[in-house]
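K.L.:
After the sequence you'll find the predicted model.
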Amino acid sequence: MLVVACNTATAAALNTAREVFDIPIVGVITPGAEAAVAATRNKRVAVISTEGTLQSQEYLHAIREANPTIGVLPKAAPELVELVEAGKAEAPETEAVLRDALTDIVRFQADTLILGCTHYPLLRPLIRKIAGDDMTVVDSAETTAARVKRVLAKNGLEADDHEAARHQIYVTGSPERFTDVARILFGQDLPPIKPVRLELVEAMSGREGAA
């Protein structure tokens, strides 16, 4: 099974991945959208995300598919990704950027906010400080994990309870950069990381030369 654990990558590549691979593939957008639809009380949902996710309009489509009567306000805040990766999730400069991003959302009177980037859950304390406790914050990671559990069970793919988990990490970019960011995000060291060339990935997927 494959989980596309990135909102931008889900928006850009989920459908293509499902065409190429014959295993269950789950993205993070639809679970988050459905959770927000279930949570909202005034039918006003906001989404903060990267520019790529916003431009794809995938959250808008997923929310409207679940309930077409819900108003949706998407907001791109790409600067927050770099700040979180730099370990500044609660820094004053991050609060300033986040406060600016949330201004229109508060004005829109959204009662539910989707964290449309896997980096943004680290911003929960600042979001609560700025928007208060009345706004429900939806983390797509939690809802995606629940969907993964259901899909695994439906397809008879659950691991043996006595089988220890094994972790293997491959990156297409700099292993050193990935390690530094992961240490900030997860607060722990990772298993050895193996670099993979993109052209090899393309060849393995049968789409060599694809953009």
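P.N.:
That came through fine.

K.L.:
Next, report how far stretch 34-52 is displaced from the centre of its chain.
P.N.:
Distance, stretch centre to chain centre, for stretch 34-52: 13 Å (C-alpha atoms, centre = their mean, to the nearest Å).

K.L.:
mind listing what's buried in it?
P.N.:
By 16 or more other C-beta atoms under 10 Å, the buried positions in stretch 34-52 come out as 34-37, 40, 44-50, 52. Using the backbone N, CA and C atoms, a C-beta is placed for each residue, glycine as well.

K.L.:
Also stretch 8-23?
P.N.:
Neighbour counts over stretch 8-23 (16+ other C-beta under 10 Å) mark 8-12, 14, 17-18 as buried.

K.L.:
Start from the N-terminal end of the protein and give the helices.
P.N.:
Using DSSP state H, the helices of the chain run over residues 7-20, 29-39, 51-56, 58-66, 79-85, 92-107, 124-131, 140-154, 175-186, 198-205.

K.L.:
highest average neighbour count across those helices?
P.N.:
Compared across the helices of the chain, helix 29-39 shows the largest average neighbour count, a mean of 22 (mean count of other C-beta atoms under 10 Å).

K.L.:
quick one on the thing from earlier: pipe the buried residues of stretch 8-23 into a markdown table and attach pLDDT and distance to residue 160 per row.
P.N.:
As requested, the buried residues of stretch 8-23 are arranged in a markdown table below (pLDDT from 0 to 100; distance: C-beta to C-beta, whole Å):
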| residue | pLDDT | distance to residue 160 |
| --- | --- | --- |
| 8 | 90 | 34 |
| 9 | 92 | 30 |
| 10 | 92 | 29 |
| 11 | 91 | 34 |
| 12 | 90 | 35 |
| 14 | 93 | 29 |
| 17 | 91 | 27 |
| 18 | 92 | 27 |
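
K.L.:
Any idea which helix or strand in this protein has the lowest mean pLDDT?
P.N.:
Using mean pLDDT, DSSP states H and E, helix 198-205 stands out as the lowest-scoring helix or strand of the chain, at a mean of 68.

K.L.:
Tell me the spacing between the residue lying farthest from the centre of the chain and residue 152.
P.N.:
Farthest-out residue of the chain from its mean C-alpha position, per C-alpha atoms, centre = their mean: residue 162, at 30.0 Å. Remark: distance between residue 162 and residue 152 (C-beta to C-beta, to the nearest Å) = 17 Å.

K.L.:
what do you get for residue 159?
P.N.:
In this view, residue 159 and residue 152 are 8 Å apart by C-beta to C-beta.

K.L.:
Likewise for residue 199?
P.N.:
For residue 199, the distance to residue 152 - C-beta to C-beta - is 31 Å.

K.L.:
Ok, residue 91 next?
P.N.:
38 Å.

K.L.:
cool, and residue 135?
P.N.:
Residue 135 is 32 Å from residue 152, where distance means C-beta to C-beta.

K.L.:
can you check residue 89 too?
P.N.:
31 Å.
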